[in-house]
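Turn this into a structure:
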Amino acid sequence: MLTLADQYNAHVYSPSLNRESAVHYLQGFLTYTEGLHRLQLDPFLQSHLLVLFSMRHIYLLCSLLFMLMGCNRLAPEERWSQPIPIVPNKHVLLLEYTGQRCVNCPEAAEQVAYLQRGASGAHFVAVAVHGGHLAENGERSVLGLANSDSEWLTQQAGVTGWPMGSVDGTALSLPPSWSASVAQQLTQPSEAKINLTSHYDATTRRLTTDVVASALLEDCVFSLFLVEDGIPSLQYLSNGRRTLDYVHRHVLRQILTPRQGVAVAHHTNSQTSWQHTVTLPTAYGLLANAPSLQAKYPQLLVQPERLHLVGFVVHRPTGRVLEVQTIKVLSDTPE
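You can find the predicted model right below:
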């Protein structure tokens, strides 16, 4: 009798109660109760022992039964909690305020890359805006990626800490909140239409962009950015070191429209057409007029295959980005 009880208690008080130990526990329970019935005890005593046994462990038996039922492997589609897929209604723009001396900015760039790889990545557009005291200005540093346009954007946004971002023109926010903000904006209705086409002449390095835009709201403007992707250059890292071959993504090179934008028609049956032609420089900043430096840093030269155009419509009274579109310079197919 004691042996049966000892065996049972050994299962009950096992420090790690997994599926296997739960099965042992139930087996011990059945063995113990069967042993009580086989012993020819006084019926009252036998009943009393069973009642004590049950009152002591009935809650644990129920828990184990639920656990055993819950341990069955289910196909993903059979589980109760599934992520609800987002059906994008519009494209979303993230202005990622960053700097080459910002040691936390590479981690923020990883967050952006994660969003681009996501299920809604095709509807997500990011532009890295280098500016502020943690940026390297290309007019003062050969390796710098900040320019007068990106510095102006940084000042206009009131950025005082890095990394920082603005999703569709909303208030500045830190990287951990970007994912939720992007998901929220994706479900908003699209209140503007944009069509971008471009033509690049490799001989003359002339880039011509045609824009057709319209908005459902009054007082909207269109802006066009020239962005370069995959630039290896200086970056300070969180481990206290710096590297010269960090690959910078979606870097703002130039604002092609006036900085305040171009007015957009707001009637559904009216559109605004706008064309812009620019001759792409060989390089920006100090490299632009320094052939010797260009030979030393060829990776920093402007490469048309790395260039993108990012056009977006902003509702001026609220600062909201109503829609954004991006295409590669060497292909007018929307990304």
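
low-confidence ranges in this protein?
Residues of the chain that meet the criterion pLDDT under 70 lie in 1-84, 268, 332-335.

Show me where it has its helices.
Applying DSSP state H to the chain gives helices spanning 2-12, 19-38, 43-70, 105-117, 148-157, 178-186, 291-296.

Okay, strands next: where are they in the stretch 201-335 of the chain?
Along the stretch 201-335 of the chain, the stretches classed as strands by DSSP state E, counting those that start in this stretch are 206-215, 220-228, 231-236, 242-248, 251-255, 262-264, 272-279, 307-315, 320-328, 331-334.

Quick check: closest non-adjacent residue to Leu134.
Computed as CB to CB, 6 or more residues apart in numbering, the closest residue to Leu134 that is not its neighbour in sequence is Gly99, at 3.3 Å. Placement of C-beta: from N, CA and C, glycine included.

What is the neighbour count of the one you found?
27 (other CB atoms under 10 Å).

contacting residues around it?
Cys105, His130, Gly131, Gly132, His133, Leu134, Ala135, Glu136, Ala146, Trp162 (CB atoms under 8 Å, 6 or more residues apart in numbering).

Of those, keep whichever come out buried.
Among those, those buried by neighbour count (16 or more other CB atoms under 10 Å) are Cys105, His130, Gly131, Gly132, Leu134, Ala135, Glu136, Ala146, Trp162.

Tell me the one among these nearest to Leu217.
Lowest distance from Leu217 to the buried ones among the contacts of Gly99 (CB to CB) belongs to Gly131, with 28.7 Å.

Which residues are in contact with the closest one?
Per CB under 8 Å, 6+ apart, neighbours of Gly131: Tyr97, Gly99, Ala146, Ser150, Glu151, Trp152, Leu153, Thr154, Gln155, Val159.

So the fifth one sits against Asn137, correct?
Right, the one you point to is Glu151. Yes - with contact defined as CB atoms under 8 Å, Glu151 counts as touching Asn137 (7.1 Å).

anything in contact with each of the two?
By CB under 8 Å, 6+ apart, no residue touches both Glu151 and Asn137.

okay, now the domains of this protein?
2-70, 92-334 (automatic domain parsing).

one step back: with distance to Asp245 as extra columns, can I get the contacts of Gly99 in CSV?
Below are those laid out as CSV (distance: CB to CB, whole Å):
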residue, distance to Asp245
Cys105, 16
His130, 17
Gly131, 22
Gly132, 23
His133, 24
Leu134, 19
Ala135, 19
Glu136, 15
Ala146, 19
Trp162, 21
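
and which of those is nearest Trp178?
So of these, ranked by how close each gets to Trp178 (CB to CB), first place is Cys105, at 13.2 Å.

Quick check: that closest one vs Val127, distance?
According to CB to CB, to the nearest Å, Cys105 and Val127 sit 14 Å apart.
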